[in-house]
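[1] Here's a sequence, model it:
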Amino acid sequence: MRQNTWHAPVNGVFLGFLGAFALISLWKPQQGFSQSENRYLQTRPEFSWESLLDGSFGTAYEAYLSDQFPFREGWIGVGTGFRRLQGAGDVNGVYFGKDRYLMERFEREDLEGEVLDRNLEAAAQLLAWAGETLGMDRTRVMLVPSAAQVLKDRLPFLAAPYDQSRITKRLGQMLAERLGQEAAAGLMVPAEEALTAHSREPIYYRTDHHWTALGAYRGYEAWAESAGLAAWPREDFTVKTVSDSFLGTIYSKVNIPWPADTIQAYLPAEGPAYTVYYDGAETPGELYNYGALEGKDQYSFYMDGNHGLTRAARKEAAPESEGAGRRILLVKDSYAHAMAPFVMNHFEELHMIDLRYYNGDIRAYIQEQGITDLLVLYGIPQFAAERTAAKMR
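    Residues are numbered from 1 along each chain as shown. This next block holds a predicted model:
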């Protein structure tokens, strides 16, 4: 029987290809942070017999090979292109939606689990304490759904993502057990309802997981109504497009040619001057960082991106001015950054704590700083997966 003679050279080329890339990966410097994906990459794990036996070394090393693979971003684009040619409606956890929307795909196992359970318990404890300490009318929580939850008419055919409202309902039930049904309902800002009512507007970026400035404004309206405040009308702001070249974190997961997003700022016609501190360092009195528009992470334009502790205060706050004597604390992730400038207009001081970078006691901070209002504000997928959110308890 005649044997195929082409297997050996093909196998040799394939093994040589893998060997060459393995050598390159050992030679090239490790990349600690991916600007395109806006996340830290897995570096080469340290070997120990203990980590080998419990399996953690193998898991970490597999992640290291994936994150540090040579020319990784280019290969992501090549793989996405092939999957698209095959007619795939989603690739690498990303839906290719209508109207050129890229939306993250979340399944039940992506969001539910021990991390979410701990975070819900911690948030319920903090909110119950704050409601009793600051007052129910001064305490709010706002869990913001991702685009796939709100823009359902833009999803590809047969897409069936996880229902993120389940998480909001669970938190409401936990608060009701502590505070009663009526009080718990008052603490919950109906973010999904407010955004769904404006789903035909550009309230989410097409290439990023955040809401746009307009989406944040719609969220601000819902929060203000829930908190008994009069939201500033859109006519009171000058809307300025500051970038038309934004390609966000979801785009980086597919890395193929795609139309860029625009970034906008809502500027009050007669906005007050501020003193702003990021992690204790004073900056020029701006709530926006125009320098961030020159880099990859352009969303850091809002509130200068991620900081453990942010504080903004009006330079001149007359006793009769709106919000005089009131200080609000946002316990948050980056979803809060685009909404914070709207919230700032109703308070003498705005404080923000990001538990990914802050290890202090939140309750002690509230008391020491004379905080009068609290808003817990997270994107739902981020809240479900972020282990540090459990520090709220």
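
[2] Which stretches in the stretch 151-300 of the chain count as strands?
    237-246, 261-268, 274-278, 281-283 (DSSP state E, counting those that start in this stretch).

[3] Now tell me which helix or strand of the chain has the poorest mean pLDDT.
    Across the helices and strands of the chain, mean confidence by mean pLDDT, DSSP states H and E is lowest for helix 72-85: a mean of 46.

[4] Quick one: the strands of the stretch 151-300 of the chain as TSV, columns for mean neighbour count and distance to residue 191 too.
    Placement of C-beta: from N, CA and C, glycine included. Shown next, in TSV, are the strands of the stretch 151-300 of the chain (neighbours: other Cβ atoms under 10 Å; distance: least, Cβ to Cβ, whole Å):
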stretch	mean neighbour count	distance to residue 191
strand 237-246	14	21
strand 261-268	19	18
strand 274-278	18	26
strand 281-283	11	29
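
[5] domain parsing for this protein?
    Per automatic domain parsing, the domain ranges recorded for the chain read 7-96, 107-392.

[6] Among these, show the one with the smallest mean pLDDT.
    When the domains of the chain are ranked by mean pLDDT, domain 7-96 comes last with a mean of 59.

[7] on that earlier part again, any chance of the strands of the stretch 151-300 of the chain in JSON lines, with distance to residue 180 too?
    Formatted as JSON lines, the strands of the stretch 151-300 of the chain follow (distance: least, Cβ to Cβ, whole Å):
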{"stretch": "strand 237-246", "distance to residue 180": "38"}
{"stretch": "strand 261-268", "distance to residue 180": "37"}
{"stretch": "strand 274-278", "distance to residue 180": "38"}
{"stretch": "strand 281-283", "distance to residue 180": "43"}
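
[8] my guess is residue 366 meets residue 374, correct?
    Yes. Between residue 366 and residue 374 there is a contact at 7.0 Å, judged by Cβ atoms under 8 Å.

[9] Overlap in contacts, these two.
    130, 134, 329 (Cβ atoms under 8 Å, 6 or more residues apart in numbering).

[10] Could you identify which of those has the most neighbours?
    residue 130 (26 neighbours; other Cβ atoms under 10 Å).

[11] before we move on, which element is it in?
    In the assignment (DSSP states H and E), residue 130 maps to helix 114-133.

[12] can you give me the angle the helix or strand following that helix makes with helix 114-133?
    Note on helix 114-133: by DSSP H and E, the next helix or strand toward the C-terminus is strand 139-144. Computed by axes from the mean of the first three to the mean of the last three Cα atoms, to 10 degrees, the angle separating strand 139-144 from helix 114-133 equals 150 degrees.

[13] which secondary structure elements does the next helix or strand after strand 139-144 contact?
    Downstream of strand 139-144, the first helix or strand assigned by DSSP H and E is helix 147-150. The contact analysis (3 or more Cβ pairs under 8 Å, 6 or more residues apart in numbering; DSSP states H and E) places helix 147-150 against strand 102-104, helix 191-196.

[14] With distance to residue 349 added, can I get these in a markdown table?
    Compiled in a markdown table, those are given as follows (distance: least, Cβ to Cβ, whole Å):
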| stretch | distance to residue 349 |
| --- | --- |
| strand 102-104 | 34 |
| helix 191-196 | 24 |
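
[15] Output these in TSV; the columns should cover mean neighbour count and distance to residue 122.
    Formatted as TSV, these follow (neighbours: other Cβ under 10 Å; distance: least, Cβ to Cβ, whole Å):
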stretch	mean neighbour count	distance to residue 122
strand 102-104	24	24
helix 191-196	20	19
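
[16] Nearest to residue 339, out of these?
    Of all the helices and strands packed on helix 147-150, helix 191-196 sits nearest to residue 339, with 10.4 Å by Cβ to Cβ.

[17] which other residues reach that closest one?
    Taking Cβ under 8 Å, 6+ apart as the rule, helix 191-196 contacts 142-145, 149-150, 164-165, 168, 203, 211, 215, 218-219, 221-222.

[18] swap in stretch 122-130?
    Applying Cβ under 8 Å, 6+ apart, the set of residues contacting stretch 122-130 is 138-139, 141, 171, 174-175, 178-179, 187, 331, 362-363, 366, 374, 376, 383, 389-393.

[19] cool, and stretch 334-344?
    Contacts for stretch 334-344 (Cβ under 8 Å, 6+ apart): 144, 210-213, 215-217, 219-220, 223, 231-232, 266, 274, 287-288, 299-300, 302-303, 305-306, 312, 328, 330, 350, 352, 354, 375, 377-379, 382.
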